[in-house]
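>>> Mind folding the following:
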Amino acid sequence: MNCALVTGASRGLGRAIALQLAIDHGLFILINFASNHEAAEETLSAIRAAGGDGNLLPFRVQHKEEVDAALNAWKEANPEKFISVLVNNAGITKDGLLMWMPESDWDSVVDISVKGMFNVTQNVIQQMLRKRTGRIVNVSSLSGLKGVAGQTNYSAAKGAMIASTKSLAQEVAKRNITVNAVAPGFIRSDMTGDLDEGQIRQLVPVGRIGEPEEVAHTVSFLVSQKAAYITGEVININGGIYS
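Predicted coordinates for the structure are as follows:
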């Protein structure tokens with residue numbers, strides 16, 4: 001049975017992506033989360049209500065030993081299942097000007113996005129390489145392409161994800177594994193909840209904030225057979241703000 005692992009899938013973009021992959025591709029969804037068990041259960045309930053199924057898979061992506069222990073135990077208990085799709089979505093923001101930024105704010109943002117991507121991908125890709133098939137999608141950001149004042153840590157993390165996407169795509173293309181990234185702009189989520197929507201509308205050419213489902217549909221396309229010849233790419237989903 002083919003499965004999709006979505007990190008940070010308890011809410012927001014992660015939840016929308018997990019649900020869309022279950023609906024569009026019939027994938028068994030592994031819902032990763034760090035601590036919000038109740039929200040992760042809500043994601044699983046939404047997937048089951050849509051006719052799909054999955055498991056909760058708690059671990060902190062930034063800790064390699066924790067990642068390997070959780071994933072290896074799951075694989076041992078589920079030998080008939082194969083994680084054919086990986087979406088590295090886990091991430092946080094801790095915004096602030098670089099001159100006053102605590103070192104811990106830099107480290108935690110970079111560790112979750114970049115080290116987390118490394119930890120999870122290195123484990124999951126081993127089976128993809130053996131089976132000579134797989135789809136990896138890294139959730140980056142407009143900040144990783146354009147740079148945003150007050151987000152040097154987040155921009156660094158998301159920019160690193162894009163660079164890593166392009167390199168890894170070249171390493172594994174001959175094994176029929178594609179590696180792509182999506183770069184959302186202003187998308188309705190916990191991260192944008194405190195922003196002034198009126199000001200955002202003035203910044204975005206299409207005049208509105210994007211919806212999580214619009215990102216999820218793009219991810220769904222990238223993991224489909226229709227996107228088999230697309231790898232090493234970054235798909236912008238930002239309403240024209242970086243066109």
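>>> low-scoring pLDDT stretches of this protein, where are they?
Residues of the chain meeting the criterion pLDDT under 70: 191-196, 243.
>>> All the helices of it, in order from the start?
Secondary structure of the chain by DSSP state H: the helices cover 12-25, 37-49, 64-77, 103-110, 116-131, 142-146, 152-172, 197-203, 212-222.
>>> Now do the contacts for the spatially most central residue of the chain.
By CA atoms, centre = their mean, the chain has its centre lying nearest to Asn89, at 1.9 Å. Applying CB atoms under 8 Å, 6 or more residues apart in numbering, we find Asn89 in contact with 6-9, 13-14, 17, 139. Where you see a C-beta, it was placed from the backbone N, CA and C, and this is true even at glycine.
>>> Pick the most buried one from the helices of the chain.
helix 12-25 (a mean of 24; mean count of other CB atoms under 10 Å).
>>> Which secondary structure elements does it sit against?
strand 2-6, strand 28-33, helix 37-49, strand 82-88, helix 212-222 (3 or more CB pairs under 8 Å, 6 or more residues apart in numbering; DSSP states H and E).
>>> Can you lay out the ones you listed as a markdown table showing distance to Lys166?
Shown next, in a markdown table, are the helices and strands packed on helix 12-25 (distance: least, CB to CB, whole Å):
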| stretch | distance to Lys166 |
| --- | --- |
| strand 2-6 | 22 |
| strand 28-33 | 24 |
| helix 37-49 | 30 |
| strand 82-88 | 14 |
| helix 212-222 | 15 |
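>>> closest to Thr165 out of those?
Closest approach to Thr165 among the helices and strands packed on helix 12-25 (CB to CB): strand 82-88, 9.3 Å.
>>> Parallel or antiparallel, list what pairs with that closest one.
Applying DSSP bridges, strand 82-88 is found paired with strand 2-6 (parallel), strand 134-139 (parallel).
>>> so which of the ones you listed comes closest to Glu76?
That would be strand 2-6 among these, by CB to CB, at 14.4 Å.
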